[in-house]
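J.: The following comprises the amino acid sequence and a computationally predicted model.
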Amino acid sequence: MKKYKVLSLFSGAGGLDLGFKQAGFEIIWANDIDKYAVQTYKKNLGDHIILGDINNIDFDTIPCADVIIGGFPCQPFSIMGSQLGFEDARGTIFFTIVSLIKHFIEQKAKPKVIVLENVRRLLTHDKGRTFKVIKYILENELGYKLYYKVLNSADYGVPQIRNRIFIVCFSNHNIEYEFPESIPLECTLQDVLEENVDSKYFLSDRILPTILSHGSGNYYAVSEIDLKIARPLCSTMHKMHRASQDNYVTDKGRIRRLTPREAARLQGFPDSFEIIVSDTQAYRQFGNAVTVNVARAIAESIMEKLDND
């Protein structure tokens, strides 16, 4: 069986990469701008990741690969972000991806597959015009056959509601692709909780009323704790949002936040995945990550198509 080579962009802690690695792909090069994410990645996935801004990296130093994967910055399109889209400097990163692919095409090394991930809101941002531009460029300027679908992490074995759009593009237009089927969810949030949790994760009597309040005015939302399926993890978990936005559980009669390890589990990372950064950085990394289970399911479905090509 051929070992398909993968180039990873905006790799973060490596959720997308880990899923592809588990499926049998070989990650030969990765990149991220966040030094703490790179530390986590190196510890768990290898030294092939480069720290730096992709806009400042010489494309000639980036190796050719069969597959390019990347969860490009979602803040310009996220409901939790500014929603400025391409007007946000991070939103223009998509065009850097396009430039890199064009570079490979000029080198007669067009990647066979492109996999991109982003928040669901990318589909509706700017009344759908943003996604229309992305789709047009991938299909008409780069010549790929494009498939896209919003997938929920809870449909792939982890108890977390997390809807993300995945865009899968093939250079071979004869390939007919279908996204992986969902599987029954057989666990709950309570199944991923640790025992004997450090006291620092428990809420103090002072902050408890604020966390449990429903909010008011335009920010009204019902606060709930001890959910069976977690709300979407976000990169700002370290700020401790109200219980209408974040996840809190009752532990031995007291209420606490999730630990970084629990956040990792909710994103499909195995317990063998080492957390070597501060809690703040860990929450950011797992909140930003692509759910490993979803990444692996997509990777396996792509591998099947490539093997039969």
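T.: Noted; the coordinates are in hand.
J.: Now residue 299: which helix or strand?
T.: Using DSSP states H and E, residue 299 sits within helix 292-307.
J.: and that helix, what does it pack onto?
T.: helix 15-22, strand 113-119, strand 163-170 (3 or more CB pairs under 8 Å, 6 or more residues apart in numbering; DSSP states H and E). Quick note: C-beta positions are derived from backbone N, CA and C, even for glycine.
J.: residues contacting residue 38?
T.: By CB atoms under 8 Å, 6 or more residues apart in numbering, the contact list for residue 38 reads 32, 49, 51.
J.: one step back: out of the helices and strands packed on helix 292-307, which one sits most buried?
T.: For these, the largest average neighbour count (mean count of other CB atoms under 10 Å) is found in helix 15-22, namely a mean of 25.
J.: For it, give me every contacting residue.
T.: Helix 15-22 has contacts (CB under 8 Å, 6+ apart) with 6, 8, 11, 27, 30, 41, 44-45, 67, 69-71, 115, 117, 267-269, 273, 289-299.
J.: Most neighbours of all the contacts of residue 38, which one?
T.: Neighbour counts for those (other CB atoms under 10 Å) peak at residue 32, which has 24 neighbours.
J.: burial measure for the closest residue in space to that residue that isn't next to it in sequence, as a count.
T.: Spatially, and ignoring its direct neighbours in sequence, residue 32 is nearest to residue 11 (4.8 Å; CB to CB, 6 or more residues apart in numbering). By other CB under 10 Å, 31 other residues sit near residue 11.
J.: For residue 135, give me its contacts.
T.: When the contact criterion is CB under 8 Å, 6+ apart, the partners of residue 135 are 146, 148.
J.: I'd like to know how far it sits from residue 187.
T.: 35 Å (CB to CB, to the nearest Å).
J.: go on, residue 243?
T.: Between residue 243 and residue 187 the distance is 22 Å, computed by CB to CB.
J.: quick one: which of those two has more around it?
T.: Taking other CB under 10 Å, residue 243 and residue 187 do not tie; residue 243 has more neighbours (26 against 13).
J.: Report pLDDT for the more buried one.
T.: For residue 243, the pLDDT comes out at 91.
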